[in-house]
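K.L.:
When you get a sec, could you give me coordinates for this:
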Amino acid sequence: MGKVLVHATLSLDGFMAGPGVSPEQPMGVGGMPLHEWMFRRPAHEVDAAVVGEVFADTGAVVLGRRTFDVGVEAWEDTPYPVPSFVLTHEARPDLPMRSAAFAFVTGGVDEALRRARAAAGDRDVTLMGGDVSRQFLLAGLVDEIHVQLVPVLLGAGVRLFDGLAGVRVELERTRILESPQVTHLRYAVLQAPKGLR
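P.N.:
Reported below is the predicted structural model:
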């Protein structure tokens, strides 16, 4: 069985998107520089290796409804070419895309994880979006947090770890890779969250 991973690209001041996230501006106002390292051509060898590794290791994705709503038009597909499970309160039929399909899960994080693990097999389940990542982290279901730290200050926007006041999570840094555009950090979650439970 693979791991459950939070993947997020953050500004140096901790934002994963700028303010005003919408389908027209999925990264918010001023947030596009966060992902330039992924699309720069030619890509730096370190960045290209990290992207290749993530795509090779990801067997399923769990994302929140807001992430789906603002991302689906920009992606024009599932975010990775694997089954993607949208955690939502609104039941709806699966949405087939070019590479895979979106399934809409109303049973909470446990059902989403069960279905994602079944689809992923021995590959990893990647979590996308701040709210979903926090829900899984608070439920003690995250194995690793992968952060891509970009040297920019956004000043405002959407933070990955908002809403965790009073919660302590023990982490161990297991890898650090650098390119001129981004620092890739990997942390193992050593102990389930304490507080607010």
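K.L.:
And the residue nearest the centre of the chain, how close does it get to L5?
P.N.:
In the chain, the C-alpha nearest the mean C-alpha coordinate belongs to M128, at 2.7 Å (CA atoms, centre = their mean). As judged by CB to CB, to the nearest Å, M128 and L5 stand 10 Å apart. Bear in mind the C-beta positions are built from the backbone N, C-alpha and C, glycine included.
K.L.:
Repeat that for Q25.
P.N.:
From Q25 across to L5, the span is 26 Å (CB to CB).
K.L.:
same deal with L127?
P.N.:
For L127 relative to L5 (CB to CB), the value is 7 Å.
K.L.:
neighbour-wise, which of the two wins?
P.N.:
Legend: neighbour count by other CB atoms under 10 Å for L127 and L5, higher for L127 (30 against 22).
K.L.:
Who is that one paired with across the strands?
P.N.:
For L127, the beta-bridge partners are V6, V62 (DSSP bridges).
K.L.:
Roughly how far does it sit from L12?
P.N.:
To L12, L127 is 22 Å away according to CB to CB.
K.L.:
and the residue nearest to the centre of the chain, what does it touch?
P.N.:
By CB atoms under 8 Å, 6 or more residues apart in numbering, the contact set of M128 is 7, 61-64, 67, 79.
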